Structure formats: C-alpha cells, structure tokens
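Peer 1: model this:
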Amino acid sequence: MTNRILKKFHIALRNLSDKNKAFYEIYLLFRYIQFGVQSKAVNIKRFFRKHGVGGAKYKKLLDYKDKHKGERCFIIATGPSLTMEDLESLKDEKTISMNSICKLYDETDWRPTYFAVQDNFVFRNMQDILRAHKEVPVFISDNIWRRFRREKEWIEFPSDTKYHSYDILRQKYYAKFSDDAYDIVYDGYSIAYSCIELAVYMGFKEIYLLGADCTYLGEKEHFVDSGVEDRSRKYATPKLIVGYEEVKKYADSHGIKVYNATRGGVLEVFPRVKLEDVLKEKTRV
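Peer 2: Here you go, the predicted model:
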C-alpha cells in the first residue's frame, strides 16, 4: 500500500514538475530522499552479506569467481552496427550478451556463453524467450521486480542502480566500478557496463566490446529492438562515455585490456580493433 501511494505521489509530482519550476525542485528533493533510502538499504544488505548473512540467493555467483581467469571474452551490446555475421563468427569464443539479443535465437545457431539483464521493462518483454532457452546461463539483477518469477538455473546478482540516480536528474554523471559481483554490481548507465563488471569478476583479462555504438541519433537505435522506449536517450551518449571512462580507469590500473571492436559509433575511450583481425589472434594480453 505504501509503495502504491509513493508511486502515485511520484507521478503527480513529476507531472507538475513538467509545468512548474518550483515543483521541479520539490520533485528533485523527493527523489533525492527516495534514492538515498534505497541506496542505503543496498549498502546495509552488503554489510550483512560481507559478514555471512543474507547472501543465499547470490550463492550461484561464487561458482563463477575467476572461472575464466586470464581468458578473453567479447561483450556484445545491441547497437545498430552489429551484424548477424558478427554473431556467427563468434561461435567459438566466450561471449556475454544482453537484452534483446535473445530475440535472434530462432535466426542463428550462435548463442552467447552468458546472457545478462537488469532492466525491469526489458525483462518483462524478454522473459518468455529466456525461460524457453535453458542452455544459456542467465545473469539477472536483483533490481528486477520481485513479481517476476526467477528460474532456479538463473544467477542473480546484487546491484546498486540508485547511488547516482539523484545526480542523473541534474545531468551530473559519474559511475563506480566493482570487481566483486557477489558484493555489488554498480550501474554504469547500461547493461553493457554491468557485463564488464561480471566479466572482470569471472577473471577475463582481455575484453572486446562489440555493438557498443553509444549513439542513438539514427533511425535505428538497436540491432534488434527490445520494445522498450528509453525516455532519456537524448542524454545517453554522455552518460555512456562517462561509464566507459570509469571502466578504462579500473582496467588500466588492474592489468585488464579492453578494446572496442564496434563498427563505427562514437566510443573512443578504448583502442579500436577490427573484429576480423582479433579473431585471427589467440590473445593480446
């Protein structure tokens, strides 16, 4: 009941804030308090988990700690530059993909080694496909609404999507990076960011990004559409770049190599490489 009332209050304030600057400031204060409480709750759970209490639902994660130590992987985002040929060429590689990529399962023999999802609305649209394809291990954020049923095979990870939410409203962007997915996976403005954190947790030392265009200016925003409209897409590029800059900072200080194998796009934080050339090599580390 309380959550329902708060939601109605939030929507009413948001609607008023669109018309009146004074109400916008009240709306920001309300969201600041709301996000602060939510982030604090996440940190309290982290504290107890660190001391052996309340970590049962994340236990499957422990099996993946350093599972791929020293290996390379490809993180496949869903930018419009991605092609079916790219996916087919990665059949023998370790890959982590996300969101709407599962809608292609009927069109290709390729499957990601791992699949990840953390957005409620995306998950709502994709859940039937994910439940039908048990051969693909699914990492699912605990941020996904509780009303959605989890399959017992899925690997749930703890996430903090609220720590910088108030600042996002003021278009002040920053991100934190975690190398311990059992402790926390920080939001970095995209599921691809979370996938990098998961990859680091699994021990990958060489990470290639594909389909990470970081721009939504064209007619086609994704290689395959999830059916979810991103209301903040006009601000997406600066947020994504800030997130990837945090990735680079962590990677450079921990001996992890990250490359951008995306065809085009605006992501220039990492060295660019051609996918075809990378696939001819065993490793760059």
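Peer 1: hang on, Ala181 packs against Leu61?
Peer 2: Yes. Shown here, Ala181 and Leu61 form a contact pair, counting by C-beta atoms under 8 Å, at 5.6 Å. The way it works is simple: take the backbone N, C-alpha and C, and place the C-beta from them, glycine included.
Peer 1: what is the neighbour count of the nearest residue to Met98 once chain neighbours are set aside?
Peer 2: Residue nearest to Met98 in three dimensions, not counting chain neighbours: Ile191, with 4.6 Å by C-beta to C-beta, 6 or more residues apart in numbering. By other C-beta atoms under 10 Å, the residues close to Ile191 number 23.
Peer 1: I'd like to know how far Ile191 sits from Gly54.
Peer 2: For Ile191, the distance to Gly54 equals 25 Å [C-beta to C-beta, to the nearest Å].
Peer 1: how about the helices in this structure?
Peer 2: Taking DSSP state H to define them, one finds helices in the chain at 2-17, 21-50, 84-89, 120-132, 165-169, 191-201, 236-253, 275-278.
Peer 1: quick one on the thing from earlier: common neighbours of Ala181 and Leu61, please.
Peer 2: Shared contacts of Ala181 and Leu61, defined by C-beta atoms under 8 Å, 6 or more residues apart in numbering, are found at Phe157, Tyr201.
Peer 1: returning to that earlier point: for the residue nearest to Met98, what are its contacts?
Peer 2: Ile191 sits next to Met98, Asn99, Ala116, Val117, Gln118, Asp119 when contact means C-beta under 8 Å, 6+ apart.
Peer 1: from these, pick the one nearest Ser39.
Peer 2: Distance to Ser39, by C-beta to C-beta, is smallest for Gln118 among the contacts of Ile191, at 15.8 Å.
Peer 1: verify the contact between the closest one and Ser159 for me.
Peer 2: Yes. With contact defined as C-beta under 8 Å, Gln118 reaches Ser159; the gap is 6.1 Å.
Peer 1: what's the neighbour count on the closest residue in space to Arg111 that isn't next to it in sequence?
Peer 2: Nearest residue to Arg111 in three dimensions, chain neighbours excluded: Val136, at 5.4 Å (C-beta to C-beta, 6+ apart). Here the number of neighbours of Val136 (other C-beta under 10 Å) works out to 17.
Peer 1: same thing with the one 3 residues further on?
Peer 2: Using other C-beta under 10 Å as the criterion, Phe139 is surrounded by 24 other residues.
Peer 1: beta partners of the nearest residue to it once chain neighbours are set aside?
Peer 2: Take Phe139 and drop its neighbours on the chain: the residue closest to it by C-beta to C-beta, 6+ apart is Ala116, 4.2 Å away. Beta bridges link Ala116 to Met98, Phe139, judged by DSSP bridges.
Peer 1: list the contacts of Ala116.
Peer 2: Residues touching Ala116, when contacts are defined by C-beta under 8 Å, 6+ apart, comprise Ile96, Ser97, Met98, Val138, Phe139, Ile140, Ser141, Ile191, Ser194, Cys195, Leu198.
Peer 1: got it, and Val247?
Peer 2: Under the criterion of C-beta under 8 Å, 6+ apart, the neighbours of Val247 are Phe177, Gly188, Tyr193, Ile196, Val258, Val269.
Peer 1: so for the most centrally placed residue in the chain, what's the pLDDT?
Peer 2: By C-alpha atoms, centre = their mean, the mean C-alpha position of the chain lies nearest to Ile191, the distance being 1.4 Å. pLDDT, Ile191: 94.
Peer 1: what's the neighbour count on the residue nearest to Asp180 when sequence neighbours are not counted?
Peer 2: Once flanking residues are discounted, Asp180 sits nearest to Tyr201: 6.4 Å by C-beta to C-beta, 6+ apart. Neighbour count for Tyr201, taken as other C-beta under 10 Å: 22.
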